[in-house]
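S.K.: Coordinates for the following, if possible.
(chains A, B, C, D, E and F)
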4 protein chains.
Amino acid sequence: MTKPQAERRQRANGVESRRRILDAAVEIAGERGYEGTSIAAVKARCGLPASSIYWHFKDKDDLIAAVIERSFETWLSAVELPDESIGTPLERVTAMAANVARSLLDEPDFLRLGLMLALEQRPTEPRGRTQFLEARAVARQKVAEVIHLLLPSLEEDDVETLTTYAIAGADGLFVQRQINGDSVDLTRLFRLHAELVYEAGLRMAQAHA
Amino acid sequence: MTKPQAERRQRANGVESRRRILDAAVEIAGERGYEGTSIAAVKARCGLPASSIYWHFKDKDDLIAAVIERSFETWLSAVELPDESIGTPLERVTAMAANVARSLLDEPDFLRLGLMLALEQRPTEPRGRTQFLEARAVARQKVAEVIHLLLPSLEEDDVETLTTYAIAGADGLFVQRQINGDSVDLTRLFRLHAELVYEAGLRMAQAHA
Amino acid sequence: MTKPQAERRQRANGVESRRRILDAAVEIAGERGYEGTSIAAVKARCGLPASSIYWHFKDKDDLIAAVIERSFETWLSAVELPDESIGTPLERVTAMAANVARSLLDEPDFLRLGLMLALEQRPTEPRGRTQFLEARAVARQKVAEVIHLLLPSLEEDDVETLTTYAIAGADGLFVQRQINGDSVDLTRLFRLHAELVYEAGLRMAQAHA
Amino acid sequence: MTKPQAERRQRANGVESRRRILDAAVEIAGERGYEGTSIAAVKARCGLPASSIYWHFKDKDDLIAAVIERSFETWLSAVELPDESIGTPLERVTAMAANVARSLLDEPDFLRLGLMLALEQRPTEPRGRTQFLEARAVARQKVAEVIHLLLPSLEEDDVETLTTYAIAGADGLFVQRQINGDSVDLTRLFRLHAELVYEAGLRMAQAHA
DNA sequence: AATGAATGAGGATTCATTCAT
DNA sequence: AATGAATGAATCCTCATTCAT
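M.R.: Here you go, the predicted structure:
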């Protein structure tokens, strides 16, 4: 008798629909990568017909790029919050490391999908990959700033090296967690990583002094 | 008797055909991942008809698994060679790091494809992924052995942690190279990584002494 | 009151919108025929959303029919102008031929699209095709009248034959121009055509005398 | 009991299958033009699945081009047969005209489809169109040869003009037949056309004498 | 050991059209 | 007078796989 409301034709609501599509796509893309993210799968998970997905996104490339973009923003805001500058430098570094570790435990889709895209080498690069690399460049800049702040006497070149190494460690630890699951204590390893990077920085600074 | 020379290549030669298929598949899989590696694409690159691929390999899963297997073996033999135990421990560690760095510059297909597979989380895991994880376990065992050899007083638990961290760094640096190309000095970063891991091990050993 | 100027184009203006849609549709239909004229293509070229096209036209069939109608009217008025009856009959015939030739150089969309539709034989005939055939019947009637005027002694049957032949030549020459481009001197060929038709008419008239 | 043979899985026979596909495609394309020739329609008419059509033809463009090619060959061999050089020149001309008229009554698909393609002006020209224009160039060459044979004293330039006009008339008459059906006596009109062209040629030859 | 041909399921995308506002 | 959003059916084409030879 009381035909459920949900069954009625949705009142047109672009923003909400777009969100539903992205929600579905981020899950699937995080699981199956670029090629594995079929429009049919997204449609099945979000309930909107394929043609509606194409109303909101030009093509699959566009959808994946939007997924990356939103996913990165979510992740970034999850990471950035506790910016308070208290404690010794080392304490602050390890606090930040713990923060990143937690964010990667909570919101791993962004990085998993991004790394999958980044590892690919298609002749015509998907826009999602570009989007990820841009997001990554933003993140890299932030890391470099933190390093410069903590170790102001470091040479430009050494900041670069340290930044690269810091991010590499983060990526690698995320991969380990991805592969080996709960047996990997991300938080502890990230703290170790932060300490080692910081000490390497100290030593570099002394070497140049 | 009078069969023209030009036909000779067509003559049955299982080993050679199998090799051609794998050569083609490793390239494409390295470019496009699991889903992106279509039989049609392999066929186009190796010149053999699709049905011939199925003569040599049970199915696509089997082909990808074989790609991983062969690619890992190639890589492993490229890494292992200079095993001579000369010099100080630290020297030996950095020599090995340089060795791994070089191998990742030369034979990146194995790791790129493997990481792509490892990052996926599809419901039914492809055999290629299992194959990669097994290969990875072998490599991990070797790393653990080396660490145990260099730092015999380390607790089991610390060896595990250090091994995980060592491999994470290697993966992460490979990803950096993959993304940022020649601007990343893999050799130098690997040496830095090796030093940091070694020192972390020394400190762990002292802490427990 | 304070509505910015830039918004003004958005203001409701049915006639103008309708014109823009038809302008876009005539171009696309001239390029791609009936099936090839997608609403999306029209929308892209005229800038109005698809739903606006449906506000102005019942359906695609209706749009194409309107295109044909307007295109034919434009063409007809371009052809008819210099109707003055001066000079010898042959002079008048060749003047008219030149006139038609010129119109086909200027306004080819009508005939190109019409012929495409006419050549099709789909089960359910598009209304645009009917529209074209009606326009064509009008044109045919005019040609027949001219022939009758110039050669009043011709039998009804011969007028019909000559009319058919006259129009066939015009169509055929238009096609030649369409295919071979500027290398076809439409004006000269139309004059030749007019002469031949006129002489054929003279001979027919004599044969019956 | 006796399951009909036709129901059994076809024994692989590429040539036969290709023929069936072309037979189906030529009918549909003749009816509905390029865009209207959907792979689904061809599949329905020939009984082979769409993927089999793609085994034999690279894509739809390739299929249509093959249709044009085969259709032109069929038509050409239907036209060419009675080549005997007997009778007066005019008699021979009208005999040939009758021949062409009959061929267009029997095998109209080639020309109908070809003209549809020729009238289109897509940005990226379909290969079928090119194929048709090439076929048309061959036919044009033959017409020019016949004209030169019958009127050897004609200037090169006049042969060209006459050829263009001759073909234009043929196209135009075919279109008339296509539109007005049986009420158009193609044979008679073609004979008239042949006579007029021949006389125009005679006059041109005299003018230059 | 190899392959030409075939095939059903599914891929991304576009279609003409409608509807609520 | 107009439009953002939606939609089911159809589009072309590729997929992994099989089979008879």
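S.K.: which strands and helices sit next to the helix or strand containing residue A:206?
M.R.: Taking DSSP states H and E as the criterion, residue A:206 maps to helix A:186-208. Judged by 3 or more Cβ pairs under 8 Å, 6 or more residues apart in numbering or on different chains; DSSP states H and E, helix A:186-208 is in contact with helix A:89-106, helix A:127-150, helix A:156-180, helix B:156-180, helix B:186-208. To be clear about C-beta, it is placed using only N, CA and C from the backbone, and glycine gets the same treatment.
S.K.: Quick check: mean pLDDT of the last one?
M.R.: pLDDT averaged over helix B:186-208 equals 92, rounded to a whole number.
S.K.: With the shortest one instead?
M.R.: Throughout helix A:89-106, pLDDT has a mean value of 87.
S.K.: got the angle for that helix vs helix A:186-208?
M.R.: 140 degrees (axes from the mean of the first three to the mean of the last three Cα atoms, to 10 degrees).
S.K.: Next secondary structure after helix A:89-106?
M.R.: Helix A:89-106 is succeeded, C-terminally, by helix A:108-119 (DSSP H and E).
S.K.: angle of that next one against helix A:89-106?
M.R.: Using the same axes, to 10 degrees: helix A:108-119 against helix A:89-106 is 90 degrees.
S.K.: what about helix A:108-119, near chain B?
M.R.: Yes - Helix A:108-119 is in contact with chain B by Cβ under 8 Å from any Cβ of the partner chain, via A:112, A:115, A:116, A:118, A:119.
S.K.: Identify the residues contacting the second one.
M.R.: This points to residue A:115. A:171, A:174, A:175, B:115, B:119, B:175 (Cβ atoms under 8 Å, 6 or more residues apart in numbering or on different chains).
S.K.: rerun that using 6 Å as the cut-off
M.R.: residue B:119 (Cβ atoms under 6 Å, 6 or more residues apart in numbering or on different chains).
S.K.: That one and DNA strand E, how far apart?
M.R.: Distance, residue A:115 to DNA strand E, by Cβ to the nearest atom of the strand, to the nearest Å: 20 Å.
S.K.: any weak-confidence spans in chain A?
M.R.: A:1-12, A:81-85, A:209 (pLDDT under 70).
S.K.: got the residues of it near DNA strand F?
M.R.: A:9-10, A:12-17, A:48-52, A:54-56 (Cβ under 7 Å from any atom of the strand).
S.K.: Show me which of these are buried.
M.R.: By neighbour count, with 16 or more other Cβ atoms under 10 Å in any protein chain shown, those hold A:17, A:48, A:52, A:56 as buried.
S.K.: so of those residues, which ones are in strands?
M.R.: Among these, DSSP state E puts none in strands.
S.K.: what's in contact with the helix or strand hosting residue A:78?
M.R.: Using DSSP H and E, residue A:78 maps to helix A:60-80. Identification of contacts with helix A:60-80 by Cβ under 6 Å, 6+ apart yields A:22, A:25-26, A:29, A:57, A:100, A:103, A:107, A:109-110, A:126-128, A:131-132, A:135.
S.K.: Return the member of those residues nearest to chain C.
M.R.: Lowest distance from chain C to the contacts of helix A:60-80 (Cβ to the nearest Cβ) belongs to residue A:57, with 15.6 Å.
S.K.: which residues does the closest one contact?
M.R.: Residue A:57 neighbours (Cβ under 6 Å, 6+ apart): residue A:63.
S.K.: Could you measure from it over to residue A:21?
M.R.: Applying Cβ to Cβ, to the nearest Å, the value for residue A:57 to residue A:21 is 7 Å.
S.K.: Residue A:147 against residue A:158, yeah?
M.R.: No - judged on Cβ atoms under 6 Å, residue A:147 makes no contact with residue A:158 at a distance of 9.0 Å.
S.K.: Out of the helices and strands packed on helix A:186-208, flag the one nearest residue C:191.
M.R.: Counting by Cβ to Cβ, residue C:191 lies closest to helix A:127-150 out of the helices and strands packed on helix A:186-208; the figure is 57.9 Å.
S.K.: can you give me the angle that closest one makes with helix A:108-119?
M.R.: For helix A:127-150 against helix A:108-119, the angle between stretch directions is 110 degrees (the same axes, to 10 degrees).
S.K.: now helix A:127-150 and helix A:60-80, what's the angle there?
M.R.: 20 degrees.
S.K.: farthest pair in the buried ones among the residues of chain A next to DNA strand F?
M.R.: A:48 and A:56 (8.6 Å).
S.K.: Spell out which residues of chain A are next to chain B.
M.R.: Counting by Cβ under 6 Å from any Cβ of the partner chain, chain A comes close to chain B at A:31-33, A:35-36, A:112, A:115-116, A:118-122, A:164-165, A:168-169, A:171-173, A:175-176, A:178-179, A:189, A:196, A:200.
S.K.: List only buried entries from these.
M.R.: A:31-33, A:35-36, A:112, A:115-116, A:118-121, A:164-165, A:168-169, A:171-173, A:175-176, A:178-179, A:189, A:196, A:200.
S.K.: Residue of chain A nearest DNA strand F, please.
M.R.: residue A:14 (2.2 Å; Cβ to the nearest atom of the strand).
S.K.: Spatially, what comes nearest to that residue if we skip its sequence neighbours?
M.R.: residue A:56 (7.2 Å; Cβ to Cβ, 6 or more residues apart in numbering or on different chains).
S.K.: After whatever helix or strand residue A:22 lives in, which helix or strand is next?
M.R.: Assigned by DSSP H and E, residue A:22 falls within helix A:14-36. Helices and strands here follow DSSP H and E; after helix A:14-36, the next one along the chain is helix A:39-46.
S.K.: Name the residues of that next one that come out as buried.
M.R.: So helix A:39-46, judged by 16+ other Cβ under 10 Å, has buried residues A:39, A:41, A:42, A:43, A:46.
S.K.: Repeat that for stretch A:96-109.
M.R.: So, applying 16+ other Cβ under 10 Å, buried residues of stretch A:96-109: A:96, A:97, A:98, A:99, A:100, A:101, A:103, A:104, A:107, A:108, A:109.
S.K.: That one: how far from the chain's middle?
M.R.: Between the centre of stretch A:96-109 and the centre of its chain there are 9 Å (Cα atoms, centre = their mean, to the nearest Å).
S.K.: That concludes my questions; thank you for your assistance.
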